[in-house]
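> Kindly generate the corresponding structure for this input.
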Amino acid sequence: MDGNFINDSNYLDQHFLIDGKIIDLFIKSCNLNDKDVVIEIGPGQGTLTKKIAPKVKSLTVIEKDTRLKTYLDNIPNINVIYNNVLDTEIPMCDKIITAIPYSIIEPFIHKLIKTSFKELYMIMGSTYIDNVINKEINNLSLLTNTFFETQKLFKVLPESFNPKPKTLSYAVKITPKTSFEGLDLIFKHLYELDNKKIKNSLIEALIDLKKLTKRESKILLEKFNIKNEILEKQFSTISNNELKYLYEILKKEGI
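Coordinates of the predicted model:
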């Protein structure tokens, strides 16, 4: 890291990857080629950017911290978007590469649902990754597993960053699912219609999954005996305990 730049992780929750061996391993894991259209999110001082750019067809980087313009504007053959990625429409691409702040992972995964890409290579905290790999039923891991396939690549120690995060990290590969069935299809509807009442989203999901009429779907839903207080909620407001309750009922019913 450039000694002239003072990074305060409390400012934007930034932890810059500085371990040369991990950087090279991460780049190698991305399997880049000269046909790839790539988006890098959170390039920092451009440590990965400089290695990615010569290997791909095009590279666009999205960086919130305008203090880093000094570093990024001098890197040839890249397009830079200075903005918060959560407020930016991510361009269609082949690959996304990032080590985003751990604090924005949930809204970022929500954003990926509406983003057109083939592969995401990301370094992220071990708790999140382990929950996803172990298929824990909480909002973030279920969201991830509903829409994506996740593959753990390798471990990244806190010492690989400046400043050091408090947790172990992993590099992972995430690919969007192209077809949905069973519980995946049900929860796809729930997450995509998360401002609707759960009851209404489930009716639509059962119509899609079971090829039922609306009336048949309502009758089937009644047989599940889901608590009315849950059915009347918006899915976006559901707690992890309520999510587990709903998941177990739907699983028990053979969805």
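
> do you know how far the most centrally placed residue in the chain is from S29?
Residue closest to the average C-alpha location in the chain (Cα atoms, centre = their mean): I109, at 2.9 Å. Taking Cβ to Cβ, to the nearest Å as the measure, I109 falls 20 Å from S29. Quick note: C-beta positions are derived from backbone N, CA and C, even for glycine.

> My read is that Y245 contacts E229, right?
No: using Cβ atoms under 8 Å, Y245 is not in contact with E229, being 10.5 Å away.

> pretty sure K188 is touching F148, no?
No: in this structure K188 lies outside contact range of F148 using Cβ under 8 Å: 11.4 Å.

> Run through the strands of the stretch 1-150 of the chain in chain order.
Listed in chain order, the strands found in the stretch 1-150 of the chain under DSSP state E, counting those that start in this stretch are 16-17, 37-41, 58-63, 79-82, 95-98, 119-125, 148-156.

> And the stretch 151-255 of the chain, by the same measure?
Along the stretch 151-255 of the chain, counting by DSSP E, counting those that start in this stretch, strands occupy 161-162, 169-176.

> ranking the ones you listed by mean pLDDT, which is last?
Lowest mean pLDDT within these: strand 161-162, at a mean of 92.

> Counting neighbours, what do you get for the closest residue in space to Y82 that isn't next to it in sequence?
The shortest distance from Y82 to any non-neighbouring residue, by Cβ to Cβ, 6 or more residues apart in numbering, is to T66 (5.3 Å). If you count neighbours by other Cβ atoms under 10 Å, T66 ends up with 10.

> how close does T66 sit to I96?
Here T66 is placed at a distance of 21 Å from I96 (Cβ to Cβ).

> picking up where we left off before, now distance to N79 and mean neighbour count too, for the strands of the stretch 151-255 of the chain, in JSON lines please.
Shown next, in JSON lines, are the strands of the stretch 151-255 of the chain (distance: least, Cβ to Cβ, whole Å; neighbours: other Cβ atoms under 10 Å):
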{"stretch": "strand 161-162", "distance to N79": "26", "mean neighbour count": "18"}
{"stretch": "strand 169-176", "distance to N79": "23", "mean neighbour count": "19"}
